[in-house]
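> the sequence and its predicted three-dimensional model are supplied below.
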Amino acid sequence: GADAEDYYEVLQVSPNAHPDTIHRVFKILAQRFHPDNPDTGDEETFKKILAAYNVLKDPEQRAAYDARRESHLRARWRIFRKPAEAMGPEAERRKRQGILQLLYRQRVQDPEYPALSIHDLEDLLGCPRDHLQFSLWYLKEKGYISRDDRGRYSITVTGIDEAEAAAAPHVPAERLLQAASGR
């Protein structure tokens, strides 16, 4: 639907961005991509920017959008349909990949706040804390993730290399699956 586009990505702002920041960024992008701009005008991009801004500038629409976006992210990152699937070596590998990909995405999308709490990871991966402990320990020991003094996890440079290496061969298959399922 209309929410296929991530409005925060379109406006290149953090989901935590203050309304004033969203407004300022919108004005800059709107000038750059306005169809009347002979150098950088792009009608398609301008329409996307306008659509994103129209939702994010309105507190009620933004709250509703955030709720839909959150549930979509949760469904997208859920790695196990049933708790029984969360056991064994293959499950551990999937958990580690899921954690790395989430922390990678968090670092890229929100460099100011690159860390996620154990609660965020539980929530997004749909996996209870005790099922994540081994994976978190492993990733930390390998130097792929670090834990700050508030108990929040973030990806390291080594972890970014690992996440990119692991994601590379799977991207086309994942896109095919998403296309086949109509998403």
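That came in fine, so what should we check first?

> name the element S146 belongs to?
Per DSSP states H and E: S146 is located in strand 145-147.

> flag every buried residue along that strand.
Neighbour-count burial for strand 145-147, counted by 16 or more other CB atoms under 10 Å, picks out I145, S146. C-beta here means a position set from N, CA and C on the backbone, and glycine is covered the same way.

> again with stretch 56-76
Neighbour-count burial for stretch 56-76, counted by 16+ other CB under 10 Å, picks out L56, R62, Y65, R69, L73.

> what residues does stretch 128-135 touch?
With contact meaning CB atoms under 8 Å, 6 or more residues apart in numbering, stretch 128-135 is reached by P83, A86, E92, K95, R96, I99, I118, L121, E122, L125.

> Q97 versus A165, what's the distance?
11 Å (CB to CB, to the nearest Å).

> can you check V13 too?
Taken as CB to CB, the span from V13 to Q97 is 28 Å.

> ok, now P59?
Distance of P59 to Q97, given as CB to CB: 36 Å.

> in this protein, where is pLDDT below threshold?
Applying pLDDT under 70 to the chain flags residues 1-4, 74-87, 168-183.

> that older thread, of V13 and Q97, give the one with the bigger neighbour count.
Neighbours were counted for V13 and for Q97 using other CB atoms under 10 Å; V13 has more, 21 against 17.

> is that one in a helix, a strand, or coil?
Secondary structure, DSSP: H, G, I helix; E, B strand; the rest coil: V13 is coil.

> got a list of what it touches?
By CB under 8 Å, 6+ apart, V13 lies in contact with T21, I22, V25.

> for the residues you listed, which one is nearest D149?
Closest approach to D149 among those (CB to CB): T21, at 27.4 Å.

> ok, and the closest non-adjacent residue to the closest one?
V13 (6.1 Å; CB to CB, 6 or more residues apart in numbering).

> with F46 instead?
F46 sits nearest to F33 (CB to CB, 6+ apart), 4.4 Å away.

> pretty sure the one you found contacts D42?
Yes: using CB atoms under 8 Å, F33 is in contact with D42, at 4.9 Å.

> between those two, who's got more neighbours?
F33 (19 against 14).

> spit out the contact partners of G41.
Neighbour list for G41: F33, H34, P35 [criterion: CB under 8 Å, 6+ apart].
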